[in-house]
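K.L.:
using only what follows, build the 3D model:
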Amino acid sequence: MLSTALGIIIGLIFAIPLTIIPTRIYLKPATEKAFYTWILPPIALIYIGFSFYYQDLAVLPSEIFGVSIFTGFALFSRFFGSSWLALGYISHGLWDLSHELFQPGIVEYIPWTQVPIGYAAFCLTYDFIVAIYILKRRQLWDGSRLAWMTTCS
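P.N.:
Residues are numbered from 1 along each chain as shown. Got it, this is the predicted structure:
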């Protein structure tokens, strides 16, 4: 219980004062969207790091599949709008939660990487806050992308 509470608090700190506020202040809308797009795949890569840390390489195929899914969400958002990016973060939060709820795996054929206690709460909090922020900014971000594309034509 304490680890879950700490995970939520740390997720809030990482999401709002350490990510959202600085990107909103220092980045232009198109660059801000690119930042959130480019960090989605690497946060999924953390699970591959956990598989090496816990010396459980049997989980690599399922984690590589996860990384490819979140990379797909990032790419889709680049071409089809920021809603895909928000959906990617929501899906990643649920992916995080599933690692803790269904340890050691969903079924015996799909093993999961072991994660530290409280990590799912941290990630779920972070991912959902970022997804909400993306949904609030999507009109500005996608509008700036369209404006950039029309000026290049």
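K.L.:
I'd like to know how many residues surround the residue lying closest to Asp127 once chain neighbours are set aside.
P.N.:
Nearest residue to Asp127 in three dimensions, chain neighbours excluded: Gly93, at 3.4 Å (C-beta to C-beta, 6 or more residues apart in numbering). C-beta: built from backbone N, CA, C; applies to glycine. A count of nearby residues for Gly93, using other C-beta atoms under 10 Å, gives 21.
K.L.:
please apply the same query to Tyr53.
P.N.:
When neighbours are counted by other C-beta under 10 Å, Tyr53 registers 13.
K.L.:
what do you get for the one 4 residues further on?
P.N.:
Residues lying near Leu57 (other C-beta under 10 Å) number 11.
K.L.:
helices of the protein, residue ranges please.
P.N.:
Remark: helices assigned in the chain by DSSP state H are 2-15, 21-26, 29-53, 60-80, 82-101, 119-152.
K.L.:
got TSV for those helices, with distance to Trp112 and mean pLDDT too?
P.N.:
What follows is the helices of the chain, written out as TSV (distance: least, C-beta to C-beta, whole Å; pLDDT from 0 to 100):
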stretch	distance to Trp112	mean pLDDT
helix 2-15	17	94
helix 21-26	31	97
helix 29-53	8	94
helix 60-80	7	94
helix 82-101	5	92
helix 119-152	11	83
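K.L.:
quick one: residues in contact with stretch 63-82.
P.N.:
Applying C-beta atoms under 8 Å, 6 or more residues apart in numbering, the external contacts of stretch 63-82 come out as 33, 37-38, 40-41, 43-45, 47-48, 51, 83-85, 87-88, 91-92, 95, 113, 134-135, 137-138, 141-142.
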